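Asks: Build the 3D model from these lines:
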Amino acid sequence: MITFIICLALLVASYFIYGSLLDRVAGIDTNADVPSKTMYDGVDYLPLPRWRIFLVQLLNIAGTGPIFGAILGACYGPVAFLWITLGGIFMGAMHDYLSGIISLRNEGRSLTAIIGKYLGKGMHRIALVIIPLLMILVGGVFIVTPAKVLTSMTDMPYLVWVGIIIVYYFIATVLPVDKIIGKIYPIFGAALIIMALSMLGLLVFGDYTIPELTTLENMHFNAEKLPIIPTLFISIACGAISGFHATQSPLMARCMNNEKESRPIFFGAMIAESVIALIWAAVAMAFFGGVEGLNSFMVENNNDAGLAVSTISVTTLGVVGSLLTLLGVVAAPITSGDTAFRSARLIVADMLGLEQRSMIKRLLVSLPLFALGIGIAFIDFDVIWRYFAWSNQTLSVLTLWMISAWLYRKQSRYVALALIPALIMTYVCSSFIFVSNQFIGMGSCTEAYVYAAAVTAVIAGLVMLKIRKDIRYGATV
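Replies: Prediction:
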């Protein structure tokens, strides 16, 4: 349990230490105007209490990610603790905090817009295609997952549940943010925290042993076919770093009351998610009697992380566990699904220059998005999910390079805080293309990693040339 406790302590301490540093890097101005005041429209731009925004942000970025992804990552053993902790602090929390700040200072604009501003028109065009499609993909995935679970728990047909979820998504997407999201989601966000704390109590007071990170030899999860680099870094996204988060931050940036709320809302929500992921990774290893037992369970059940959550929760917490499972595999993905569609609506509206005060214009943007989302819901789920994780981490690469460009324009001496994570995640996503059977399928041979390094060097060179050209011509933050 020593490794687990140290990692937990580091995550909590980072909020006060590293979070304070990022406050200085960002140059928090408590007197600055914020979009909820300058752009108020009563729909997407309107002030909400800080505690409510924090819980909504946590729920938006979490979904099932810090639970399911953490369990899959735990199959590698305690090394997952290191990625959750170091990735969560120095990549994920920094990524969420600074991308949120950048959106806050650019009228709460969507991620596509701020990528275009800091990385140029070419990247803007790419982002305009990739990001809305990723949002629709997330929405489609989170139609399928809860619908299947609800079908297994009731007598209602799958298509009926799909219809109910889609109708709910549509209503939540077009209504003002304070009507459903601002009222109900804080309750679910609090429940997600209570769920994690219940599992933490189980670890501390129960008769369980959490494996220690003693050597790098206790890695598992078919390391030959699924090498730790890059697979672990793709498997655990939410909980370490996730590009999806940067698409959700503008939703909350439009509701904030002051820049000083940035650390608790953006940095704090990410650290809370990392804590949740750390707890679930530990629970998964401890409950099944070690990493070998967890791997055996996952192999026997086709890597069904949802079944692992259900088995752990119901066995240890009984009726309460059943309710927590329902939250984890039904409520959490639904709440991420509808905010994904809402984010897609805002991105398209920004792109077309359509104000969203009018219900008719909100419907005009939303209807085509939902038509695509419904189509995705009927594609083979395994095919969808196979490429979602990589796409999500690739989006974090774009965001990290955007943050690096922003820091360069600020002439900040802390550019390395974003530049190093950008290089690492570029390498991770590039190596996945060469290593994984989903793409080229070279396996974990030396050549695959050399090619990934070359791709990373080329991308880094092109981005740095763009940044320096912008600075030369007087570009500012």
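
Asks: in the longest helix seen in the chain, what's buried?
Replies: In the chain, assigned by DSSP state H, the helix with the most residues is helix 121-153. Under the neighbour-count criterion of 16 or more other CB atoms under 10 Å, helix 121-153 has 123-124, 127-128, 130-132, 134-151 buried. To be clear about C-beta, it is placed using only N, CA and C from the backbone, and glycine gets the same treatment.

Asks: next one: it to chain centre, how far?
Replies: Relative to its chain's centre, helix 121-153 lies at 12 Å (CA atoms, centre = their mean, to the nearest Å).

Asks: Equivalent analysis for stretch 361-378, please.
Replies: On CA atoms, centre = their mean, the centre of stretch 361-378 falls 22 Å from that of its chain.

Asks: do stretch 1-16 as well
Replies: Per CA atoms, centre = their mean, the centroid offset for stretch 1-16 relative to its chain is 20 Å.

Asks: what does stretch 192-212 give?
Replies: A distance of 23 Å separates the centroid of the chain from that of stretch 192-212, by CA atoms, centre = their mean.

Asks: then that stretch to CSV, C-alphas only?
Replies: Output of stretch 192-212 as CSV, limited to C-alpha atoms (Å, rounded to 0.1, in the frame of the first residue of the first chain):
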residue,chain,number,x,y,z
LEU,A,192,-18.9,9.9,-8.4
ILE,A,193,-16.7,11.2,-5.6
ILE,A,194,-18.7,9.3,-2.9
MET,A,195,-18.3,6.1,-5.0
ALA,A,196,-14.5,6.6,-5.1
LEU,A,197,-14.3,7.3,-1.4
SER,A,198,-16.3,4.2,-0.6
MET,A,199,-13.7,2.2,-2.5
LEU,A,200,-10.9,4.0,-0.7
GLY,A,201,-12.5,3.0,2.6
LEU,A,202,-12.6,-0.6,1.4
LEU,A,203,-8.9,-0.5,0.6
VAL,A,204,-8.0,1.1,4.0
PHE,A,205,-10.2,-0.9,6.3
GLY,A,206,-10.8,-4.1,4.3
ASP,A,207,-8.6,-7.2,4.2
TYR,A,208,-7.0,-6.3,0.9
THR,A,209,-3.4,-6.1,-0.3
ILE,A,210,-2.4,-3.5,-2.9
PRO,A,211,0.7,-4.6,-4.9
GLU,A,212,3.8,-2.4,-4.6
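
Asks: Go ahead and name everything in contact with that stretch.
Replies: 1-4, 58-59, 62, 77-78, 218, 272, 275-276, 279-280, 282-283, 285-287, 290-291, 312, 316-317, 320, 324, 327-328, 332 (CB atoms under 8 Å, 6 or more residues apart in numbering).

Asks: are any of these buried, and which?
Replies: Among those, those classed as buried by 16+ other CB under 10 Å are 3-4, 58-59, 62, 77-78, 218, 272, 275-276, 279-280, 282-283, 285-287, 290-291, 312, 316-317, 324, 327-328, 332.

Asks: Now intersect those residues with the strands, please.
Replies: Using DSSP state E, no member of the buried ones among the contacts of stretch 192-212 falls in strands.

Asks: Helices - which of those residues land there?
Replies: Those of the buried ones among the contacts of stretch 192-212 lying in helices (DSSP H): 3-4, 58-59, 62, 272, 275-276, 279-280, 282-283, 285-287, 291, 312, 316-317, 324, 332.

Asks: burial count for residue 351?
Replies: Counted with other CB atoms under 10 Å, residues neighbouring residue 351 total 17.

Asks: confidence score at the closest residue to it other than its chain neighbours?
Replies: If the residues on either side of it in the chain are set aside, residue 351 comes closest to residue 128, at 5.9 Å by CB to CB, 6 or more residues apart in numbering. For residue 128, the pLDDT comes out at 88.

Asks: from memory residue 128 sits against residue 350, does it?
Replies: No: Residue 128 is beyond contact range of residue 350, at 9.6 Å (criterion: CB atoms under 8 Å).

Asks: tell me, what's touching these two both at once?
Replies: residue 112.

Asks: Tell me how far residue 63 lies from residue 149.
Replies: 14 Å (CB to CB, to the nearest Å).

Asks: what secondary structure does residue 106 sit in?
Replies: At residue 106 the chain is in coil, as set by DSSP: H, G, I helix; E, B strand; the rest coil.

Asks: Tell me who's in contact with it.
Replies: 113, 114, 117.

Asks: Now, those that are in helices?
Replies: 113, 114, 117.

Asks: ok, now which ones touch the last one?
Replies: It refers to residue 117. Contacts of residue 117 (CB under 8 Å, 6+ apart): 106, 124.

Asks: hmm, try it at 10 Å
Replies: 102, 106, 109, 123, 124, 402, 405, 406, 409, 470, 475, 477 (CB atoms under 10 Å, 6 or more residues apart in numbering).

Asks: Next: the first one.
Replies: Contacts here follow CB under 10 Å, 6+ apart; on that basis residue 113 touches 103, 106, 107, 124, 127, 128, 250, 346, 347, 350, 351.

Asks: Report the separation between it and residue 247.
Replies: 11 Å.
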